[in-house]
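Student: my questions are about this predicted structure, shown below with the sequence.
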Amino acid sequence: MHPNGLLLRRLFTALDDHDHQTMAECYDEAASFRDIAFDLTGKPAIHAMWQMICANTDIRATFEVLDADHAGGRVALVDHYTFTDTQFKVRNVIDSTFVFQNGLIVEHRDQCDARAWAAMAFHGGIRGFLAGRFRFVRSRAAQRKLNAFRGRVIAPAVKPGA
């Protein structure tokens, strides 16, 4: 297997193991990530997203590296988890594509059926309808969660009397 195929195997094995630190090591400092909810630039933001997912969900990942060479790669991924907002079970089938540079991920794109995801995550209703059809609804909620998580995890300690 090409070294970048091994890198992808490392990334998704770490996701299944809830090991956000190892996941972060797979990305270049200037990497970008985009899926149906997140649009992130830079390793710190991507790491924070994986840290939040690993810490706050029961995610299990199965995957197959379909292709990987010096320039790019593709993975068939299936995530199983409980959506924390509703406690509904989700089985998300994802097509992940990658661009590599110097043995690291510089671009990561995940595509899935947003309507199918919303149907599982919300079991219908107006929230499910909106989340399934409008990216900005998913993006706004996801970014709000990530910002709150980053504030809790990265918030500087305040010294008494300061």
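Tutor: Thanks, I have it. Keep in mind it's a predicted model, so treat the numbers as computed, not measured. Numbers count the residues shown, from 1 in each chain.

Student: was I right to think K145 contacts M52?
Tutor: Yes: with contacts counted by CB atoms under 8 Å, K145 reaches M52, the gap being 6.9 Å. From N, CA and C alone the C-beta is placed, and that goes for glycine too.

Student: please, where are all the strands along this structure?
Tutor: Using DSSP state E, the strands of the chain run over 27-34, 39-41, 60-68, 72-83, 88-101, 104-111.

Student: measure how the first one sits relative to strand 88-101, angle-wise.
Tutor: So the one you mean is strand 27-34. Calculated by axes from the mean of the first three to the mean of the last three CA atoms, to 10 degrees, strand 27-34 forms an angle of 130 degrees with strand 88-101.

Student: likewise the last one?
Tutor: Angle between the axes of strand 104-111 and strand 88-101 is 140 degrees (criterion: the same axes, to 10 degrees).

Student: touching strand 104-111 from outside, list them.
Tutor: The contact list for strand 104-111 (CB atoms under 8 Å, 6 or more residues apart in numbering) reads 7, 11, 26-28, 30-36, 46, 77, 94-100.

Student: now do the second one
Tutor: Applying CB under 8 Å, 6+ apart, the contact partners of strand 39-41 are A30, A31, S32, F33, R34, I46, M49, S139.

Student: can you rerun that using 7 Å?
Tutor: The contact list for strand 39-41 (CB atoms under 7 Å, 6 or more residues apart in numbering) reads S32, F33, I46, M49, S139.

Student: nearest to F88 among these?
Tutor: S139 (19.9 Å; CB to CB).

Student: which elements pack onto the lengthiest helix in the chain?
Tutor: If you go by DSSP state H, the chain has its longest helix at helix 135-154. Helices and strands touching helix 135-154, by 3 or more CB pairs under 7 Å, 6 or more residues apart in numbering; DSSP states H and E, are helix 43-56, helix 125-133.

Student: what's the local residue count around the residue lying closest to T97 once chain neighbours are set aside?
Tutor: Nearest residue to T97, sequence neighbours excluded (CB to CB, 6 or more residues apart in numbering): R109, at 4.9 Å. By other CB atoms under 10 Å, 15 other residues sit near R109.

Student: and what of E25?
Tutor: Residues near E25, counting by other CB under 10 Å: 15.
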